[in-house]
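Asks: sequence and predicted structure, then a few things I'm wondering about:
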Amino acid sequence: QKEVEQDPGPLSVPEGAIVSLNCTYSNSAFQYFMWYRQYSRKGPELLMYTYSSGNKEDGRFTAQVDKSSKYISLFIRDSQPSDSATYLCAMSTNTGNQFYFGTGTSLTVIP
Amino acid sequence: DTAVSQTPKYLVTQMGNDKSIKCEQNLGHDTMYWYKQDSKKFLKIMFSYNNKELIINETVPNRFSPKSPDKAHLNLHINSLELGDSAVYFCASSQSPSQAFFGQGTRLTVV
């Protein structure tokens, strides 16, 4: 069993829809939770990160962490065709010696 | 002013050859990583260095040898390349457990 599980999709939504992306994890030592966006043939780009439980909002993006359920989410409001990419969740412990990634969810936003 | 840069971007080589990938970061980060991304987009840690010292060495064949001449550089040398080594290799750096910055990747194809 992988330490981080993520539904690979693919996910296809119409422009303007609200998108929900999720990951679950098993390691209770994870304290930092990140979401990356990766366009085709590019490197992963950090969208946002959260420390411990709680919510964080940045423009159209909201990240939620529920450590009691070992469940994290990323919500994208008013989705745009430019949001079409693979979204990867990632987690780390306090050491930062490595980042554990989910398998990524492929998202397509249809104009 | 690319923060994490890798060379080459594409590498096509024959089985049995030896090749190197170079990585440089200008962010002043102490920790650098090599990740391998397979065809299903899963990012798996290979090596992690902190201030030129190896701190993570996952179950990677010993044909893969990282070298960190200084904390801004982390190179990856691969001996006796095999078909299964074909993947995208990403270099990353970080200064905290909350975020890692990735290079654009090196797409290695072994024929």
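Replies: Arrived safely, thanks for sending. This is a predicted model, so every value here is computed, not measured. Numbers count the residues shown, from 1 in each chain, chains lettered A, B, ... in the order given.
Asks: any low-confidence regions in the chain?
Replies: Reading this off chain A. A:1 (pLDDT under 70).
Asks: switch to chain B, that's the one I care about
Replies: Looking at chain B by pLDDT under 70, you get B:1.
Asks: hmm, 90 instead?
Replies: Scanning chain B for pLDDT under 90 picks out the ranges B:1-2, B:39-41, B:52, B:56-59, B:97.
Asks: near chain A, which residues of it?
Replies: Residues of chain B found near chain A (C-beta under 8 Å from any C-beta of the partner chain) are B:4, B:31, B:33, B:40-45, B:48, B:50, B:55-56, B:90, B:92, B:94, B:96-105, B:107. C-betas here are computed from N, CA, C, even on glycine.
Asks: count of neighbours near the residue nearest to A:Pro14 when sequence neighbours are not counted?
Replies: Residue nearest to A:Pro14 in three dimensions, not counting chain neighbours: A:Ile110, with 5.4 Å by C-beta to C-beta, 6 or more residues apart in numbering or on different chains. By other C-beta atoms under 10 Å in any protein chain shown, 11 other residues sit near A:Ile110.
Asks: I'd assumed A:Pro81 was in contact with A:Ile110.
Replies: Yes - counting by C-beta atoms under 8 Å, A:Pro81 is a contact partner of A:Ile110 at 7.4 Å.
Asks: shared neighbours, those two?
Replies: A:Glu15 (C-beta atoms under 8 Å, 6 or more residues apart in numbering or on different chains).
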